[in-house]
Structures are given as structure tokens and as C-alpha cells.
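Chemist: no FASTA, just this:
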């Protein structure tokens, strides 16, 4: 028969009973049990209190009752009470002081476990008033005869520094930690190193100060301490800068055996040390010259061969460890591509790999691909493109394109594989292939245009914005080689208003390119597109680009051709995309979160000191001692940059007369000119400029001296004067510049009337009603 809960044979496996829902009045019952003289009842009561605290119940009302239980020789009960005190010390700081005498007494207990427990608990209670009483027991614990107490005290120093750094300096605890590095016990050495490293990160100063003597002690302890102690020591060695190549080789020789360790953290820390010292060894060999350089190169090749097997072994672990290893290998391959150049097969995806592992393996395959293994990689990627996971298939097709961009000699073979994939007629495969072929065209212009016909045969399958935009770019870029380029663009223009903004922008540019290459047959189409983007679109980017193209085409077609059809820089291979300085930082952070995020620690870690005090790097304190966020400062700077041109232009219009009219030659796109087109964003005058008019906003502007401008009627063959919807007067002055509308207009956009009789709401910026001028 199974024993009942609470029975003598229940054991530790029945502790779940403490988490069962209690009845009403449980606090009273717990209080009675806490004052029981039976030790087992008292232990069970404290366990119930800890269980309630764990699930989020407030049991702070039992603080005094639980505190009374600390006077016991039972280590289990003492641990439970200390755990309770750590949790509620901040909310009950005054009552916590009642336990100080117990802490001090336990710090002198004959049992080293109790001594260490007392010191550890006092370090975890983050109450300023307790720190005063912590110093004396901590000072004794750092020199305790038992190594377990010493290594616990070393960690406690780092916790105390976080609360009261000045107190740690005054009592000389940092110097005591340096003495612990010479300790005979390797675990004490490891904890001393860990504490000094933590203090260095908190203070921002190097308090480790590894000397030649300290270095030898660390290397000696490396073979004897626990695996996590080895990690602490290896991380400290990675931050040390050897004096010369010979010293670096000696350290690497002592660290290399750690590559065979069973713990992956130890392996990655050893890899970090070796990678950081390989730069020193290579630099020292180059300085030595001759035989020294040859010896150094041989040493580096030997190290490179030793680094590959442990990294490959990590890929046989659980998927989560595989992912962490792959993210670190991604950095290692960018720093030292030759480490795994012959191991590309181990990164081929398995059918049961999780998607996040497959994606990371693809990234590394692209980095390791070369002309030696490109055929093997293409066969593998082609196989991946037939999988059922859509995201993985897209990434695989994209990888084929990136291989073509990276390896010029293999580009034709990559395009052949892409064409085979297009023939499968699988929608997402075809669309991703079009996207990567566009990148190949940008990388190798005028070399592989023979495949455009195959792409044009699959226009009907394109339904994603990026694929459409890529195909439209190809049509516009090679319009002179496509007989029916205008017809293909027309098929996209039928749904212009429903398309994504990226597709609309690409359609506008492609239409202008097609017009410049074949103006006779595409003039109506480009006029229709410009009307759509300038009068019916509410996308400011699209409108602005439309007005720019319109002005270029109407005033200087030769300049438009040079700008729109000019030679474009070819895209570069971005396989190794990290900046060298950032890469060096991240390689120094291998086996940390930085190596997984591929970001430096300051990009995602917010130090408490900075968060409270406006430390340098997060912003500048304002007059109220608040920290101004960088985002706010950037926003203010951008606003200033945007407003400055408008304000400068406003001043210039008040000091000078209207701009001179644009030239009237080579107008390709006839359209009635809007008023004051030299200052507004509207389409420019296409047949003849309007007569210059005085600016009503500028008292210094003089009336025109041109006799034709002062006549009551327009001269023969001249353009009609600007239309005034209120006074009908042909000599009414033009409106103020449109970019001043938010500042000087009292009318809404719908109140303004253009010369076309349409609302200004369809233009990029509303204009003032000319009838409002005095």
C-alpha cells in the first residue's frame, strides 16, 4: 500500500502536497504549526510557507513566525528560513535586522556548510543596512580554512560590490580576491576569477590585472577545477593580451586539450581563446620574418586543423545546442573561413532538423561555398527546393542566387538550376527565382538576358509584391530587348491602384525607362502613369517621384536619359556582411548571448547604473536630470533638418523676385501649367512659361517690367494667365509657395482650386486660393 502524505515513508517525492490549495484560515494554522515543538511539523509548515510564496501568495504576515524558526541546528530548516528571508527582506527591512545576530552567529559555526550558508544569505539580502554587519563575517570567510567557505565568500564579494562598491574598496576585498587566485584549491581560484570578472564589468575598469605570475596560476588551475570554473578561467584568458607570439603559443598549447571536453560551454570558451590568440601569433610571425614566419604559419595551420573536429562534434547534439553552435560557427567562419572549408558536408540539412537549424545551416553553406564544391552544393540546394516547407524552399532558392552573386564562374550553372526550378511551375519557387535572377542581372549586367523570355512566360504566376517589382525592374531595364515591353507593363498598369507601393514605384520607373527608350509608342502610357501618380495617389513617395520624372521629361529629356538610364553600380557580394571591428567584438563574445544575437552586449543589455543615472551612452541629461532618449534626440534633429530648407526658402522668396522661367525647348509631355510652377511641386510648364508676377508675400518684390505682362489681355500665342476662381482677373498674383501651406494658409485643402478645376487634395501639397491674396 502506498504511504499516506506526511507519513514516515513518504520521502521527498511527496513534496507536491505542500502546493495543494489550503482551506480558509490557513494563515492561523500555519502560525500554530510554526510554533510547534515537533521539528517535523515545523519543517512541514515552513515548506508550506515556501510553497505558497512560490505560487505567488503573500505570506509576509508570517515573517516574524518564520524568523523564529531560524534558531535551529537543522540545516534543512535553516535553508528554508533563509530562502524566505531573501524573498521578503526588501519588503520587511526592519524585521530582517532581527536576523542579523543569527547570521553573525552562524558565520562562526563549526559546520562549514552553515558558515557558507550564512555568508551566502547575507550577500543575497540586498538591504543596505545589512551590509554593515556583513563585512566582518565576510572578511573571516575569505580567509576561512575550508575551501567551500572561501569560494562562497568570493562570490559574495561580487554581490556586495553591486550594492556598496565603496565599502568593498575600503575593506580591501578586491585585494583579497587577488590573493584567492593564488589559492591551493582550484575551485576557489575559479570563483575568485569569476568575482573579479563580475566586478570589472560592473565598474567598467579592469580589476583583473593578469600578470605573468597570475597567468601561470590560472593555467595550473585550469586542469583541476570544475567545468564551470574552467569557463570562468578561459573567459579571463580570452581578455588577456599576450606579450608576444611565443607567449600566445604557450597559452594555446595549454588550452588546446579543453577542445576535447564533454561540456560544450568549455569547448566554445577554448575556441574563443584560441581564435583571439591566433591573430597575435600571425602578427608576431610576420614581424619575425623568414623562418619565424614559416613556423608561425605552420602553427596556425595546425591550430586550424584542430579547431574543426570539436565544432563538428557540437552539431551532433540536441537541436537547441546545434543552433547555438551554428550561430557561433557563423562568426568563426567569417573570421577564419579556412577552419571549416573542407567540412561543408556536415552542414547539409537532415530531413528531421528543425526549421531554425536548417535556416542557419543554409547561411553557413553560402559562406563556405567555393568553386571546388559548388556543384555539390547546387545539387543539395536543388533538392531542398522540392521540400514541403515553403520558407525553407524560398531560402534555398535564394541561396542559389547568392551563390551566383558570390562566384562569377559558377553564375551560369546557378542560372541553369534556377531555370529548371522555374519549369516546375510551383508558384512560390517561380517567384523567388525571379527575385534572385533580378539580383544576378544587377551583379552581371548584359550577360544573361537570354533567359528573359522564360521569365516573361511566367508573368501570370506572379502575385507577390517583391516578385512583381523584380519582374517589372527587369522589363524596364531591358525594354529595348523585349519587343512587347509596353504591353507587358500595360498588364501591370491595369491594377495599378491596387498594387503595393513598392510595385507602383517600380512601375513608374519602368514606364519612364520604356518611354525614354521608345518615346513614339509609349507616350500615352507614360502620360497616363504620371497622371495616376500625381493626381490620384495619396502616397507621398510615389507622388514626389512622379513630379521629379515629369519635370525632368518636360524640361531636359537628355538629362532625364542620363539620370534614369545611366550606368548603375553593380551589387556586391554580402556573404560576409559584418564590419571587421564588429566581427572582432563578437568573436571575443563567443559562447555568450552576443554571439547568438550577433550584436555587441551594449546593444541589448541595459546596465542598472545607466538606467538610473543617465550615464554616458544613453543620452544627455536635461535640466530636470532626466535622460533624453537617443530616439527623441534623433527625431528632433530630423525635424530641424526637414524644416530648415523650407524656412530658408521662405526667407529667399521675401528677398528676391520670382524665379526665372524654365526653358521652353524639347517639351515632350503637353499639359496645362499650374500657377507659380517654379515654386510648387506641381508639373512644370510644358509649352510656355507664365509671365512673371510680383510676390504678394514680399513687400520688396517689384512689379514686372515686361510690357507683355502688364497688358490687360494675353499676347498672341502666349499661354493664358493663371486662373483665379474668385475674381476672374487675369493679372491676379500667383499664390504663395505650396510648401508654406501649413504655416500661412487659413483654408483647408479642399477649398483650393487648381487651374484644371480639380481639388488640390490630389496634389502632393495643397495650395492657397489665389482669391485670398490682397
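Modeler: Happy to help now that I have it. The structure displayed is predicted, hence computed values, not measured ones.
Chemist: okay, now residue 299: neighbour count?
Modeler: Using other Cβ atoms under 10 Å, residue 299 has 19 other residues around it. C-beta here means a position set from N, CA and C on the backbone, and glycine is covered the same way.
Chemist: mind checking pLDDT for it?
Modeler: Per-residue pLDDT puts residue 299 at 83.
Chemist: so how far is residue 275 from it?
Modeler: 14 Å (Cβ to Cβ, to the nearest Å).
Chemist: show me the shaky parts of this protein.
Modeler: By pLDDT under 70, the low-scoring segments of the chain are 1-25, 284-293, 607-774.
Chemist: distance check, residue 121 against residue 156.
Modeler: According to Cβ to Cβ, residue 121 stands 9 Å off from residue 156.
Chemist: check residue 135 too.
Modeler: In terms of Cβ to Cβ, residue 135 sits 11 Å off from residue 156.
Chemist: now residue 44
Modeler: 31 Å.
Chemist: next: residue 29.
Modeler: 37 Å.
Chemist: who's more crowded, those two?
Modeler: Taking other Cβ under 10 Å, residue 29 and residue 156 do not tie; residue 156 has more neighbours (25 against 14).
Chemist: tell me, how many residues neighbour the nearest residue to that one once chain neighbours are set aside?
Modeler: Nearest residue to residue 156 in three dimensions, chain neighbours excluded: residue 123, at 3.6 Å (Cβ to Cβ, 6 or more residues apart in numbering). A count of neighbours around residue 123, defined by other Cβ under 10 Å, yields 24.
Chemist: what about residue 123, helix or strand, and which?
Modeler: Residue 123 is part of helix 112-124, with elements assigned from DSSP states H and E.
Chemist: distance from the chain centre to that helix, please.
Modeler: Helix 112-124 sits 41 Å away from the centroid of its parent chain (Cα atoms, centre = their mean, to the nearest Å).
Chemist: from here on, count from 14
Modeler: Understood, numbering begins at 14; the last thing we discussed is helix 125-137.
Chemist: and the next helix or strand after it, what does it pack onto?
Modeler: Reading on from helix 125-137 to the C-terminus, the next helix or strand found by DSSP H and E is helix 141-155. Judged by 3 or more Cβ pairs under 8 Å, 6 or more residues apart in numbering; DSSP states H and E, the packing partners of helix 141-155 are helix 113-119, helix 125-137, helix 160-176, helix 186-193.
Chemist: can you list the residues that contact helix 141-155?
Modeler: Residues outside helix 141-155 that contact it (Cβ atoms under 8 Å, 6 or more residues apart in numbering): 102, 106, 109-110, 113, 116-117, 120-121, 128-129, 131-132, 135-136, 162-163, 165-167, 169-170, 173, 176-177, 180, 184, 186, 189, 193.
Chemist: which of these count as buried?
Modeler: By neighbour count, with 16 or more other Cβ atoms under 10 Å, those hold 102, 109, 113, 116, 120, 128-129, 131-132, 135-136, 162-163, 165-167, 169-170, 173, 176-177, 180, 184, 186, 189, 193 as buried.
Chemist: on that earlier part again, for the residue nearest to residue 169, what are its contacts?
Modeler: 147, 151, 168-169, 172-173.
Chemist: the same query, at a cut-off of 7 Å, please.
Modeler: Applying Cβ atoms under 7 Å, 6 or more residues apart in numbering to residue 136 gives the contacts 147, 169, 172-173.
Chemist: list just the nearest of these to residue 402.
Modeler: Checking these against residue 402 by Cβ to Cβ gives residue 172 as the nearest, at 47.0 Å.
Chemist: alright, calling it a day.
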